[in-house]
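>>> model this:
(2 chains)
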Amino acid sequence: MSESAKPDVSDYSFEKAVAELESIVARLERGDVALNESIEIYERGEALKKHCEALLSAAENRIEKIRLDRAGKPVGVEPLDSQ
Amino acid sequence: MSTRLYEHPIFLEHITPEGHPERSDRLRSLNIALEHPNFARLERRDAPQANEDAILLAHPEEHLAFVMRSIPDAEDGEGQINQLEADTYASPKSLQAALTGVGGAMAAVDDVFTGAADNVFVASRPPGHHAEKNKAMGFCFFNNAAIAARHAQRTYGAERVAIVDWDVHHGNGTQDIFWDDPSVLFCSTHQMPLYPGSGAKTETGGKGTIVNAPLSPNSGSDHFREAFKSRVLPALDDFRPDLIIISAGFDAHHRDPLAQINLTGEDFDWATGRVLEMADKSAKNRVVSLLEGGYDLEGLAESAGLHILRMMKG
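From the prediction side, this is the model:
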């Protein structure tokens, strides 16, 4: 399967995205990618990286919400962004 | 400056599969740019075909034998194409084209050492800088720049040859060939990470004569010029080469589909000017420039055109 034909990353879990990203980085570092395919695989890696960053950022927001709750009300988990 | 350009119709007959970026139209596009009156003074000549023995200046016999047996027989039809590895394909005329590219590079060395020209551009394909001692890869069969450097040393007694490689992909083949050779300085700017994966700053060669200046994806003129000024030019200045060979790829152009560096034609003009200054300091102006990559037809024509124009102006 070519990189561009691979599934959209937006539904990936953090673990799945990181695993594929690590595999891409390893392949690029080993030189195990054809010249013709190199840019495609790099762009796939960028999409995975952005997706991981978005998931991390959402997790950080959740943590901040918990802290705010602690300042006022009893502790409870309430996602900041329930997207 | 007196500038010569080597070309040959055989370069158009190295056929790659439909959709392959390294295609004959690249040279057709450059030829259209060279019709501009600016290039009227450019002395254009047909490149001579090198003898097969010339390949042995940089490659073992087994590599030459591998390439020769990978070429499809013309009797199977002109459309026959063999795949040597992931990216590299050969058609019936590919060996002749590759040998003529080598011949052009060697003739260019002859010209700058005999004074027939100050500097020379070789508009050939297939390219060469990914070809390692014993491996054809990344569209490349024979390492034109390495063979040219060895020819300058063998025939003209050049003690120090510098190769400046600004193709957006790392010149792993040239680095492989000269890894332990203190008489050849190899300087490369390239996107990293990207094919072929090599080219980290820490790769300095067995004798410290490899200088890699990797650029992050989405780098532009400023990063490129800074890398050139801080890494490539000081290395050239210290090395004091008798000849400078440029592995002139133009795929760091912002239009190029195979990379993410955002250079403009002016950046190639600028880099050419800096190399010419270095050649003036130690190499009696001797510069041989060999076409490597560059896969956007418009970006290639613009950049290579400005590069050649700068060579003519000095």
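>>> near chain A, which residues of the stretch 51-200 of chain B show up?
Residues of the stretch 51-200 of chain B lying close to chain A by Cβ under 8 Å from any Cβ of the partner chain are B:86-87, B:130, B:137-139, B:169, B:172, B:193-198. From N, CA and C alone the C-beta is placed, and that goes for glycine too.
>>> helices and strands of chain A: which one bottoms out on pLDDT?
Taking mean pLDDT, DSSP states H and E as the measure, the helices and strands of chain A show their lowest mean at helix A:35-72, namely a mean of 83.
>>> in it, what's buried?
By neighbour count, and taking 16 or more other Cβ atoms under 10 Å in any protein chain shown as the criterion, the buried residues in helix A:35-72 are A:35-42, A:44-45, A:47-49, A:51-52, A:55, A:65.
>>> What helices and strands are in contact with it?
With contacts defined as 3 or more Cβ pairs under 8 Å, 6 or more residues apart in numbering or on different chains; DSSP states H and E, the secondary structure elements packing on helix A:35-72 are helix A:14-30.
>>> Just checking the helix it packs on against chain B, any contact.
Yes - in this structure, helix A:14-30 sits against chain B according to Cβ under 8 Å from any Cβ; the contacting residues are A:25, A:28-30.
>>> where does the residue nearest the centre of chain B land in three-state SS?
When Cα atoms, centre = their mean is applied to chain B, the residue found nearest the centroid is B:Ser247 (3.0 Å). Secondary structure for B:Ser247, judged by DSSP: H, G, I helix; E, B strand; the rest coil, is strand.
>>> tell me the phi and psi of the nearest residue to B:Arg150 once chain neighbours are set aside?
For B:Arg150, the nearest residue in space outside its immediate sequence neighbours is B:Leu57; the separation is 3.9 Å by Cβ to Cβ, 6 or more residues apart in numbering or on different chains. With angles defined as degrees, to the nearest 10, B:Leu57 sits at phi -60, psi -30.
>>> in terms of contact, does B:Leu57 touch B:Ala152 like I think?
No - checked against Cβ atoms under 8 Å, the pair B:Leu57 and B:Ala152 is beyond contact range at 10.2 Å.
>>> Between those two, tell me which one has more neighbours.
Using other Cβ atoms under 10 Å in any protein chain shown as the criterion, B:Leu57 and B:Ala152 rank with B:Ala152 on top: 27 against 21.
>>> could you say which helix or strand contains that one?
With elements taken from DSSP states H and E, the one containing B:Ala152 is helix B:144-156.
>>> and for that helix, what are the contacting residues?
Contact with helix B:144-156 is made by B:50, B:54-55, B:57-58, B:101-102, B:104-106, B:108-110, B:113, B:122, B:124, B:127-129, B:158-159, B:161, B:163, B:165, B:171, B:173-174, B:177-178, B:183-184, B:242-243, B:245, B:247, B:288, B:290, as judged by Cβ atoms under 8 Å, 6 or more residues apart in numbering or on different chains.
>>> Need the buried ones from those residues selected in ChimeraX.
Provided next is the ChimeraX selection string for whichever of the contacts of helix B:144-156 are buried by 16+ other Cβ under 10 Å:
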select /B:50,54,55,57,58,101,102,104,105,106,108,109,110,113,122,124,127,128,129,158,161,163,165,171,173,174,177,178,183,184,242,243,245,247,288,290
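>>> No further queries at this time; thank you.
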